[in-house]
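[1] below: sequence and its predicted model.
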Amino acid sequence: MAEPAAAAWKQRPEGGTRASLGLIVAIARYGGRRLARLCLYPITAYFLLVRGPERRASRAWLSRVHGRPAGLLAGARHIHCFAATILDRLFLLGGRLDRFDIRVHGLAPLEALLDQGRGALLFGSHLGSFDALRVLSKRRPGLQVRIVLDKGHNPVLTSIFDSLDPELARGVIDGAQPGAAIALEIQHALQEGALVALLVDRAQPHEDTAGVPFMGTPARLPLTPWRLAAVLQAPVLLCFGLYRGGNRYDLHFEPFLDPRVKGVPARGERAAWLQRQVAAYAARLEHYARLAPLNWFNFYDFWSEQTDETPTDRAPAPGEPVLRDGGAAVRRG
């Protein structure tokens, strides 16, 4: 399989130097959110003028979702929305939840699982802000939220965010370590009743994918998260933190899958089952992406990695990040 476009996106350099990012952090810390938001305008201009691939991907996405060519102003609003959510991470991770109006929808099924002492997988995406999950710590003190994240991606920003919430940083499951170790950490976290959060819309190099309809065109989404849920018999909830402008976020939870309740088909029927799960997830991702198009933060051609590959039970290639019954490897980020 050719290298996924998502992998190429990860190789793009971080936007800004350590000094410039440090300056923005200092403005946010000492000047407050209102002053720091003035920095969003030069950041937006930088991406529009300097970061050609991201600018083109933004306009292509907006043209697709709206069904008409997107102009430069639409692209500017899109990039501004992305920069705003990154800035808000400084305050969300710093515990300044009082600065935000976060409306939570569909929390009851998640709370029911937590009341039973069960852990769960939270499947998110690069749509909106996953950091809006921080509101759960206010509602349920002591709740463990473990995030699967490749710490080597965007190392400068990662180090800044880690310094804001060292406890959360210590709980991160590093997606760059060997896959078997990741799967084992996830299993232990679930056994302790933790929520394990993964972003499941981007495939890693050599990862099995399924082609499913998305925004009118087949797109390939990774199979590993769904294999993980099946093997660990873990309930899956979808989570979308949509930025609504200003200080407003809508945090949506949806119960999606509980293998203990519905069961997982035998090995011979597993491929079709996996295809159905990915297709159903893609439909929900499209639903929320259409609700908030400016929240789409995959700044590359999401549809470019089409192959004839279909999910199978073939043996993994050496180092391949997949998870199957009896063996494990999973990477997210």
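    Looks like it came in fine. Numbering: from 1, shown residues only.
[2] what helix or strand does Val196 sit in?
    strand 195-199 (DSSP states H and E).
[3] partners of the helix or strand following that strand, with directions?
    Per DSSP H and E, the first helix or strand lying C-terminal to strand 195-199 is strand 209-214. Strand 209-214 pairs in its sheet with strand 217-222 (antiparallel), by DSSP bridges.
[4] relative to strand 195-199, how tilted is the partner strand?
    Between the axes of strand 217-222 and strand 195-199, defined by axes from the mean of the first three to the mean of the last three Cα atoms, to 10 degrees, the angle is 140 degrees.
[5] how about the strands in the stretch 1-150 of the chain?
    Counting by DSSP state E, counting those that start in this stretch, the stretch 1-150 of the chain has strands at residues 101-105, 120-124, 145-149.
[6] out of these, deepest packed?
    Comparing the strands of the stretch 1-150 of the chain by mean neighbour count (mean count of other Cβ atoms under 10 Å), strand 120-124 comes out on top with a mean of 25. Quick note: C-beta positions are derived from backbone N, CA and C, even for glycine.
[7] in its sheet, what does it sit against?
    Strand 120-124 has these strand partners (DSSP bridges): strand 195-199 (parallel), strand 236-243 (parallel).
[8] with distance to Ser20 added, can I get the ones you listed in a markdown table?
    Formatted as a markdown table, those follow (distance: least, Cβ to Cβ, whole Å):
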| stretch | distance to Ser20 |
| --- | --- |
| strand 195-199 | 26 |
| strand 236-243 | 23 |
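[9] of those strands, which is nearest Ala219?
    Among those, strand 195-199 comes nearest to Ala219, with 15.2 Å by Cβ to Cβ.
[10] what mean pLDDT does stretch 129-136 have?
    Mean per-residue pLDDT for stretch 129-136: 85.
[11] revised request: answer the last question for stretch 54-63.
    For stretch 54-63, mean pLDDT is 95.
[12] list the buried residues of it.
    The neighbour-count check on stretch 54-63 (16 or more other Cβ atoms under 10 Å) flags Glu54, Arg55, Ala57, Ser58, Arg59, Ala60, Trp61, Leu62 as buried.
[13] report the separation between the fifth one and Leu48.
    This points to Arg59. Separation of Arg59 from Leu48 (Cβ to Cβ, to the nearest Å): 10 Å.
[14] any residues in contact with both of these two?
    Leu72, Gly75 (Cβ atoms under 8 Å, 6 or more residues apart in numbering).
[15] so can I have TSV of the buried residues of stretch 54-63 showing distance to His206?
    Formatted as TSV, those follow (distance: Cβ to Cβ, whole Å):
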residue	distance to His206
Glu54	25
Arg55	29
Ala57	23
Ser58	28
Arg59	30
Ala60	26
Trp61	26
Leu62	31
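[16] in the residues you listed, find the pair that's most separated.
    Maximum pairwise distance among the buried residues of stretch 54-63 (Cβ to Cβ): 12.6 Å, between Glu54 and Leu62.
[17] ok, now which ones touch the nearest residue to Leu90 once chain neighbours are set aside?
    The shortest distance from Leu90 to any residue other than its chain neighbours is 4.9 Å, reached at Ala28 (Cβ to Cβ, 6 or more residues apart in numbering). Contact partners of Ala28, counting by Cβ under 8 Å, 6+ apart, are Leu35, Ala36, Leu87, Leu90, Phe91.
[18] one more pass at 10 Å, please.
    Residues near Ala28 by Cβ atoms under 10 Å, 6 or more residues apart in numbering: Leu35, Ala36, Arg37, Cys39, Leu87, Asp88, Arg89, Leu90, Phe91, Gly94, Arg96.
[19] also Gly117?
    Glu192, Gly193.
[20] so what does it have for phi and psi?
    Per-residue torsions, Gly117: phi 80, psi 10 (degrees, to the nearest 10).
[21] how much space between it and Leu143?
    Noted for Gly117: a distance of 12 Å to Leu143, by Cβ to Cβ.
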